[in-house]
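*Asks:* no sequence on this one, just coordinates:
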């Protein structure tokens, strides 16, 4: 016990290990006090039984038993006070040890952040971001310029103006033929009260009107293409 006491005040040791050793020693002392309290409480119960058994027949023996009981109770009270003090020290040491470990962890985290940031400053970050944005805008402009130039060049290489006009004329002719085909197959609706004779008399005249209408549309379409 004396050796451990002297070593505690001797050479400098790790604070964490010192705190752990102190807590272990205090808990061991608390265990010893608990066993002593258990023994004293058993002795108090025994002396109480002796005093009760001799209270009538042998008052001297009963008085002696009560004195021993009182002495044991006083010793038990002193041990209870010591146990309370030791428990308070254990709690204080555990709290201090936890605080020290917390501070150590926070310091390590702070040092790690310093290493990560290094010489990094807000001005350098702003300058880097400005350069990145400038390069991004330049890349977008280059891509847009290349895309527009390629599209125009590709159209010029694929076909000429004459080819486009000829294809457009073919499409117009196809549309005109389609309209004429629909006009030939259109049903003829007679007004109410018309007779079969009137229907027959109307049949030769119908295609002529349709043909004149389609010819007029063809002339209008050709005039539009000529423009």
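*Replies:* Perfect, I can see it now. Computed from a predicted model, the values in this text were never measured in an experiment.
*Asks:* What is the burial count for residue 59?
*Replies:* 11 (other Cβ atoms under 10 Å). To be clear about C-beta, it is placed using only N, CA and C from the backbone, and glycine gets the same treatment.
*Asks:* Residue 110 versus that one, what's the distance?
*Replies:* Distance, residue 59 to residue 110, by Cβ to Cβ, to the nearest Å: 76 Å.
*Asks:* And the next helix or strand past the helix ranked longest in the chain?
*Replies:* In the chain, assigned by DSSP state H, the helix with the most residues is helix 59-117. The C-terminal neighbour of helix 59-117 among helices and strands, as given by DSSP states H and E, is helix 122-158.
*Asks:* What residues of that following helix count as buried?
*Replies:* For helix 122-158, the buried set under the neighbour-count rule, 16 or more other Cβ atoms under 10 Å, is empty.
*Asks:* Show me what the helix or strand following it is packed up against.
*Replies:* Using DSSP H and E, the helix or strand that directly follows helix 122-158 along the chain is helix 161-184. Here helix 161-184 touches helix 205-226, going by 3 or more Cβ pairs under 8 Å, 6 or more residues apart in numbering; DSSP states H and E.
*Asks:* What mean pLDDT does the helix it packs on get?
*Replies:* The pLDDT scores in helix 205-226 average 62.
*Asks:* go on, stretch 135-147?
*Replies:* Per-residue scores along stretch 135-147 average to 86.
*Asks:* Determine how far that stretch lies from the middle of the whole chain.
*Replies:* 34 Å (Cα atoms, centre = their mean, to the nearest Å).
*Asks:* any idea how far residue 176 lies from residue 167?
*Replies:* In terms of Cβ to Cβ, residue 176 sits 15 Å off from residue 167.
*Asks:* Then residue 54?
*Replies:* Distance from residue 54 to residue 167, by Cβ to Cβ: 134 Å.
*Asks:* what's the answer for residue 139, then?
*Replies:* On the measure of Cβ to Cβ, residue 139 and residue 167 end up 38 Å apart.
*Asks:* tell me the pLDDT at residue 165?
*Replies:* On the pLDDT scale, residue 165 is placed at 75.
*Asks:* what stretches of this structure score poorly on pLDDT?
*Replies:* For the chain, the stretches with pLDDT under 70 are 1-13, 15, 149-160, 164, 184-212, 214, 218, 221-227.
*Asks:* for the host helix or strand of residue 27, packing partners?
*Replies:* Residue 27 is part of helix 15-53 when elements are defined by DSSP H and E. Here helix 15-53 touches helix 2-8, helix 59-117, going by 3+ Cβ pairs under 8 Å, 6+ apart.
*Asks:* Could you identify which of those is most buried?
*Replies:* Among these, helix 59-117 has the highest mean neighbour count (mean count of other Cβ atoms under 10 Å), at a mean of 13.
*Asks:* tell me the angle that helix makes with helix 15-53.
*Replies:* Here helix 59-117 runs at an angle of 160 degrees relative to helix 15-53 (axes from the mean of the first three to the mean of the last three Cα atoms, to 10 degrees).
*Asks:* Would you pull up how far helix 59-117 lies from the middle of the chain?
*Replies:* What separates the centre of helix 59-117 from the centre of its chain is 43 Å, taken as Cα atoms, centre = their mean.
*Asks:* Show me what that helix is packed up against.
*Replies:* helix 15-53.
*Asks:* what comes up buried for the helix it packs on?
*Replies:* 19, 22-23, 25-26, 30, 33, 37, 40, 43-44, 47, 50-51.
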